[in-house]
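Asks: Got a sequence here, can you build the structure:
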Amino acid sequence: MLPGNLKVDDDFTGIEADVAPAATLEAALRLQPDTKHVVVVTGTSPFDRQQEAEVKDQLKTYEDRFDISYLTDFTMPALLERLKHLPSHSVILLGGFGRDAEGSQFSTAESGPMIVSAADAPVFSLNDRHLNDGEIGGDVSDPENQGKTIGAMAIRILNGEKPQNIPRSEAANTYIFDWRSLKRWGFKEENLPPGSIVLNRELTVWEAYKWYLIPAISLILLQALLITGLIWQRARRREITRALEKRTTELQAREELLKNFVKNVPAGVAMLDREMRYLQVSDRWCADYGVDASQILGHSHYEGLPDMPNRWREIHRRALDGETLRCDEDRWDRKNGTTWVRWEVRPWANGDGEIAGILIFAEEITRRKQAEEALLGMSRRLIESQEQERSRIGRELHDDINQRLALLVVDLDRLDQSDSANGLHDILQELKRRLMEIAADVQALSHRLHSSKLDYLGLAVAAKSLCREIGEMHHVRIDFTQKDMPRTLSKEVGLCLFRVLQEALQNAVKYSGTDHIEVDLCGRSADIRLRIRDFGRGFNVDEAIGANGLGLVSMRERVNLVTGEILIKSQPTAGTEIVVQVPLSEAGRATEAASRAGAA
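Replies: Just a heads-up that it's a prediction; the model follows:
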């Protein structure tokens, strides 16, 4: 059997086995829940070191929960002395110990019993070779399955097949425990992981005396064959009855196991039968809904929740037909207010594989939704405030500063018409030109801060004007098309699309290096679609957002505020495409439909 990460030549084959310290530690915690200290014991041989590294890697996630120590570089006497004085609430994970710090070699049969005898804490095994020496056990490779697999490989090799042509097999780990060690430490077998194998269990009366009982029973059966057919039929009937009773008991035990799981799971869970009657509920379910389990068990799920939406009843019916359904956010309008719930509904089956009811996993997330809505409202108010401030600055620049600069140009023009020296004339001409450029820049700044065309002429006209102005300013060809745009559009949606277009065009002319941009604005029955595409150098979207790409983030935030969707596709040297879809409200769609009908 090969260790899981041991490098061997290609002409080797075998079974790769990995230790499972994390799974073994979880099993130890089931048996000793108050564990505080975890002690890992390994030797100093290359195999031991290799196994120690693998154990450390798997136990990283437990370092903040437990005090984990590694007893590796010790001589055997020093190690045994150390194990005699471990703190309380400790468990020991025993790995490979082929050599101690002095170089002394030990076989598993030698090291295991010494370590177990000296330790004052339970010892759990990481290797199947440590079983039957007093260790409790753990998640280890199943030696029986290993033997079968190795035997099959050996037969193939003996039949002439080359080892390198036989794929290596991974050993399946199994929970295996020593019954005697469990009893020694007072651990309950019922706390073992499901499916565990228990070795060395004391024989029952039947196991101890079956070779005496079998002949006696055989004699009785032989005599029974001579009894009349009526007695045989009666015995047969009794046998069938016992089988049915046993099957019933097994089914009841399985159902009780599921009920026990439901009751103790740390989540809101309810187990119901096909008639939607409660069979079991978790403690968390009782706390969330303010009920007592004794008051609702056996009663209908719908009796305690009369205001349940009818759509949930349909979900329950579908689950009883075999579907598993879930929802991360579901709104429930109750008499005492709105509740948000995250839920999952799945069927559960009895021992015959038939659906016997459903399991409901439910978690109330109302507070989280309220916090998200509050944050969304805050973001909306911040953007509205920003737009109001931009409008104010735009009006001031346009109505005040620009007007005064225009008057200054007029005054300079008058001065230019007066009789003066040629040199003064040239100076005034230059001042006039520069002042006119300043006026044009201020007017352009005003337009960028707040487009009056958007308010008075609508989104399509404002977008077309913006494309023309940016194209002329930066000497870029911008092809603008629009189709079926609504005549009326909410201010919030129009402003969102205009700002996204403005930001996208500014980014394109500034960073892409392109001389050609396409803009398409299209109104559809349910939404408005804006598409901006450039043919520039492109970029990595995730890296741009991660590197404080505020422009991309602001576009997404704006689109989220109007419950729209934005898709940004870009690759280096392949250009960039931004597609925005914003749904129209029911009122907006009705108004547009009526407007188009009147025009027709």
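Asks: Residue 204 - how many residues pack around it?
Replies: Residues near residue 204, counting by other C-beta atoms under 10 Å, number 9. In this view, the C-beta of every residue, glycine as well, is placed from N, C-alpha and C.
Asks: meant to ask about residue 577, not that
Replies: Neighbours of residue 577 (other C-beta under 10 Å): 17.
Asks: could you say which helix or strand contains it?
Replies: strand 576-583 (DSSP states H and E).
Asks: List the neighbours of that strand that are in contact with it.
Replies: 493, 496-497, 500, 504, 508, 512, 526-534, 536, 538-539, 555, 559, 562-570 (C-beta atoms under 8 Å, 6 or more residues apart in numbering).
Asks: Which among the residues you listed count as buried?
Replies: 493, 496-497, 500, 504, 508, 512, 527-534, 536, 538-539, 555, 559, 562, 564, 566, 568, 570 (16 or more other C-beta atoms under 10 Å).
Asks: buried set for the longest strand anywhere in the chain?
Replies: The longest strand of the chain (DSSP state E) is strand 337-349. Neighbour-count burial for strand 337-349, counted by 16+ other C-beta under 10 Å, picks out 340-345, 347-348.
Asks: nearest to residue 25, of these?
Replies: Closest approach to residue 25 among the buried residues of strand 337-349 (C-beta to C-beta): residue 344, at 29.2 Å.
Asks: check contacts around that closest one.
Replies: Residue 344 sits in contact with 324-327, 360-361, where contact means C-beta under 8 Å, 6+ apart.
Asks: What separation is there between it and residue 314?
Replies: Relative to residue 314, residue 344 is positioned 16 Å away (C-beta to C-beta, to the nearest Å).
Asks: One more: residue 345?
Replies: For residue 345 relative to residue 314 (C-beta to C-beta), the value is 11 Å.
Asks: before we move on, back to that, the helix or strand just after the longest strand of the chain to strand 337-349, inter-axis angle?
Replies: Sequence order places strand 355-364 as the next helix or strand after strand 337-349, per DSSP H and E. If you take axes from the mean of the first three to the mean of the last three C-alpha atoms, to 10 degrees, strand 355-364 sits at 150 degrees to strand 337-349.
Asks: Okay, residue 530 and residue 537: tell me how far apart.
Replies: For residue 530 relative to residue 537 (C-beta to C-beta), the value is 22 Å.
Asks: what's the answer for residue 242, then?
Replies: Applying C-beta to C-beta to residue 242 and residue 537 gives a distance of 81 Å.
Asks: now do residue 465
Replies: Counting by C-beta to C-beta, the gap between residue 465 and residue 537 amounts to 27 Å.
Asks: residues contacting residue 567?
Replies: 578-580.
Asks: tell me the secondary structure for it?
Replies: Classification of residue 567 using DSSP: H, G, I helix; E, B strand; the rest coil returns strand.
Asks: Could you give the bridge partners of it?
Replies: Beta bridges link residue 567 to residue 579, judged by DSSP bridges.
Asks: pLDDT at it, what is it?
Replies: Here the pLDDT value assigned to residue 567 is 90.
Asks: Ok, residue 394 next?
Replies: 62.
Asks: again, but for residue 101
Replies: 91.
Asks: Wasn't it part of a helix?
Replies: No. Judged by three-state DSSP, residue 101 forms no part of a helix; its state is coil.
Asks: so residue 196 sits right up against residue 173, yeah?
Replies: No. When contacts are counted by C-beta atoms under 8 Å, residue 196 is not listed as touching residue 173 (11.6 Å).
Asks: In the stretch 401-550 of the chain, what residue spans correspond to helices?
Replies: Taking DSSP state H, counting those that start in this stretch, the helices of the stretch 401-550 of the chain run over residues 402-417, 422-449, 452-456, 459-474, 491-507, 541-546, 550-561.
Asks: Next: the stretch 101-250 of the chain.
Replies: Under DSSP H, counting those that start in this stretch, the stretch 101-250 of the chain gives helices at 108-118, 143-158, 179-184, 205-224, 229-264.
Asks: Distance from the next helix or strand after the longest one to the middle of the chain?
Replies: To tie it back to what came earlier, the one meant is helix 229-264. Using DSSP H and E, the helix or strand that follows helix 229-264 in sequence is strand 269-273. Mean-position distance between strand 269-273 and its chain equals 25 Å (C-alpha atoms, centre = their mean, to the nearest Å).
Asks: Listing partners with orientation, what would you give for strand 269-273?
Replies: By DSSP bridges, strand 269-273 pairs with strand 278-281 (antiparallel), strand 355-364 (antiparallel).
Asks: so can I have JSON lines of those strands showing mean neighbour count, distance to residue 29 and mean pLDDT?
Replies: Formatted as JSON lines, the strands paired with strand 269-273 follow (neighbours: other C-beta atoms under 10 Å; distance: least, C-beta to C-beta, whole Å; pLDDT from 0 to 100):
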{"stretch": "strand 278-281", "mean neighbour count": "21", "distance to residue 29": "25", "mean pLDDT": "82"}
{"stretch": "strand 355-364", "mean neighbour count": "20", "distance to residue 29": "24", "mean pLDDT": "83"}
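Asks: As JSON lines, these with distance to residue 205 would be great.
Replies: Output for the strands paired with strand 269-273, formatted as JSON lines (distance: least, C-beta to C-beta, whole Å):
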{"stretch": "strand 278-281", "distance to residue 205": "35"}
{"stretch": "strand 355-364", "distance to residue 205": "36"}
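Asks: Out of those strands, flag the one nearest residue 458.
Replies: Closest among the strands paired with strand 269-273, using C-beta to C-beta: strand 355-364, at 44.3 Å.
Asks: Just the residues contacting the closest one, thanks.
Replies: The contact list for strand 355-364 (C-beta under 8 Å, 6+ apart) reads 255, 262, 267-274, 276, 279, 285, 288, 301, 316, 319-322, 339-350.
Asks: and what of stretch 181-190?
Replies: By C-beta under 8 Å, 6+ apart, stretch 181-190 touches 31-32, 122, 134-137, 179, 198.
Asks: what about residue 524, how many residues close to it?
Replies: Neighbour tally, residue 524, other C-beta under 10 Å: 13.
Asks: And the closest residue to it other than its chain neighbours, how close does it get to residue 92?
Replies: Closest residue to residue 524 apart from its sequence neighbours, by C-beta to C-beta, 6 or more residues apart in numbering: residue 484 at 7.1 Å. Residue 484 is 75 Å from residue 92, where distance means C-beta to C-beta.
Asks: if you count what's nearby, which of these two comes out ahead?
Replies: residue 92 (24 against 12).
Asks: and the host helix or strand of that one, C-alpha only, in PDB?
Replies: Using DSSP H and E, residue 92 sits in strand 90-94. Coordinates of each C-alpha in strand 90-94 appear next as PDB, following Å, rounded to 0.1, in the frame of the first residue of the first chain:
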ATOM      1  CA  SER A  90      -7.100  15.900  25.900                       C
ATOM      2  CA  VAL A  91      -7.200  13.400  23.000                       C
ATOM      3  CA  ILE A  92      -4.200  11.800  21.200                       C
ATOM      4  CA  LEU A  93      -3.900  11.200  17.500                       C
ATOM      5  CA  LEU A  94      -1.400   8.500  16.900                       C
END
